[in-house]
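Chemist: Got a sequence here, can you model it:
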Amino acid sequence: MGTDPLPQDPAGVEPPEADARVIYRADIAARLEEVSRVCAEVAALAAQRGDETLAAQIDLGLSEALSNIVRHGYEAHARDARVQLLWTEQPDRWCLRLFDRGRPIPEAALQPSAHDPFDFDPLALDSLPEGGMGLALLRASFDRVDYRIGPRGNLLVLTKLLQPQARPDLEH
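Modeler: Numbers count the residues shown, from 1 in each chain. Next up is the predicted model:
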């Protein structure tokens, strides 16, 4: 976990909410082994702060997002390939902001599709999809997925809404 502060507005778009509390921040090399490490750290923190189901959703979505940045955003072995992650918390939500300076997501890939990428026969091995499920996985893992291209890079904001915890003093 990095100690250097991340830019408030790394992509030249909107900054995090003023009342948000920083839970985790990292500035990592865009390599798959770093993705695994960061996802494990974030999932452990999410499990401590929520429940196992919530942590699994965060882990799946974050792993997909970071892996795609590493695989598609940068040239292989690029020396300056980095990803910054900032996880903030508000009473009703968690926001994970991922900033990179790699290639942006193509506009066509961001458009909603009438085709459900999860609609396939898992027993028909010849027809299993080989890709194209990334954004669908993000949308399944998070309540809101926002992507912006700014003058200094790309910003992906993944928002998970939190359910109010049952308070024992309010139960009947």
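Chemist: Wait, a helix at residue 148?
Modeler: No: under DSSP: H, G, I helix; E, B strand; the rest coil, residue 148 sits outside any helix and is assigned strand.
Chemist: which parts of stretch 43-52 are buried?
Modeler: When burial is assessed from 16 or more other Cβ atoms under 10 Å, stretch 43-52 yields the following buried residues: 43, 45, 46, 47, 50. C-beta here means a position set from N, CA and C on the backbone, and glycine is covered the same way.
Chemist: On the three-state scheme, the second one is what?
Modeler: Reducing the assignment to helix, strand or coil with three-state DSSP, the entry for residue 45 is helix.
Chemist: go on, residue 34?
Modeler: helix.
Chemist: The residue nearest to it when sequence neighbours are not counted: how many residues sit nearby?
Modeler: Distances taken as Cβ to Cβ, 6 or more residues apart in numbering place residue 28 nearest to residue 34, at 4.2 Å, with adjacent residues excluded. Around residue 28 there are 19 other residues, counting by other Cβ atoms under 10 Å.
Chemist: List the contacts of the residue nearest the centre of the chain.
Modeler: Using Cα atoms, centre = their mean, the residue of the chain that lies closest to the mean C-alpha position is residue 62, 3.8 Å off. Neighbouring residues of residue 62 by Cβ atoms under 8 Å, 6 or more residues apart in numbering: 38, 39, 42, 43, 96, 158.
Chemist: Noted, bye for now.
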